[in-house]
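Peer 1: model this:
(chains A and B)
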Amino acid sequence: MQEPIIVFDHIRKTVSTVPTGPAADEKLAELLESQRNQVATSGRPPS
Amino acid sequence: MNIDWVIPCRYVEVHDNLGTIIGAGIDTYWVPEFPAPIQVLLAVRLLAMAEEIEQGEKQKHAMTNRVRDPRGDVLSEMGGKFSVSAVATNPDWLTGIMAATAIQFEAAEEGTYTIDHLVDNASASLPIHVVEGLPPGVTPPDEA
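Peer 2: As a prediction, the model looks like this:
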């Protein structure tokens, strides 16, 4: 069984668990969508 | 309870107490402007002694997450209690517990932020660098 993700949202001041896998709801979609707007690297520019 | 490791990554999911980690080692976020929402996914592995989890849901542990700004001042701190439903394979062995965790905070300026993750009396700190602009060599999508 896939475990939920624990979310510490320091912007909305909430701590919650978000279901993942087949039980995923729009909260998980929102979580992943916000990440798509960022470029994240290990410090070394991507090649 | 102790923290074995905390790995910042693009994505992590946990099945059967095993983590699948994608893009481990992220520590730099490139943002178009400030303020910018930053989201960091963490693959967290905890270690518990048998007596720390033997009472299951009756046994509460503290988990706190704190974000500090580039000057080291606390931006935000939140926490809660959790319990572990696991059975130790051997009472003399440490039991590993995997947790997928997401942190969201707002970066108001460029610099190195710090994420402190605390479980009971253990803690781990991660530097997260936030930079305005795109990484060298990356072309904005509308110019590609």
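Peer 1: Quickly find the element holding the most centrally placed residue in chain B.
Peer 2: For chain B, the residue nearest the mean C-alpha position is B:Leu42 (3.5 Å; CA atoms, centre = their mean). Using DSSP states H and E, B:Leu42 maps to strand B:36-48.
Peer 1: quick check, B:Arg71 in a helix?
Peer 2: No - going by DSSP: H, G, I helix; E, B strand; the rest coil, the assignment for B:Arg71 is coil, not a helix.
Peer 1: how many other residues sit next to it?
Peer 2: Look at B:Arg71: counted by other CB atoms under 10 Å in any protein chain shown, it has 8 neighbours. C-beta here means a position set from N, CA and C on the backbone, and glycine is covered the same way.
Peer 1: Could you do B:Gly56 as well?
Peer 2: 11.
Peer 1: again, but for the one 10 residues further on
Peer 2: A count of nearby residues for B:Arg66, using other CB under 10 Å, gives 20.
Peer 1: do you know how far it is from B:Val12?
Peer 2: Using CB to CB, to the nearest Å, B:Arg66 is found at 20 Å from B:Val12.
Peer 1: one step back: determine the set of other helices and strands touching the helix or strand following the strand holding B:Leu42.
Peer 2: Following strand B:36-48 in sequence order, the next helix or strand is helix B:50-53 (DSSP H and E). Packed against helix B:50-53 by the contact rule (3 or more CB pairs under 8 Å, 6 or more residues apart in numbering or on different chains; DSSP states H and E) you find strand B:95-107.
Peer 1: Do a quick rundown of the helices in chain A.
Peer 2: A:26-36 (DSSP state H).
Peer 1: which residues in it form strands?
Peer 2: In chain A, the strands defined using DSSP state E lie at A:5-9, A:14-18, A:39-41.
Peer 1: wait, does the second one make contact with chain B?
Peer 2: Yes - applying CB under 8 Å from any CB of the partner chain, one finds that strand A:14-18 is in contact with chain B at A:14-15, A:18.
Peer 1: Which of those residues ranks first by neighbour count?
Peer 2: A:Val18 (20 neighbours).
Peer 1: In this structure it contacts A:Ile5, no?
Peer 2: Yes - in this structure, A:Val18 is within contact of A:Ile5 by CB atoms under 8 Å, at 4.9 Å.
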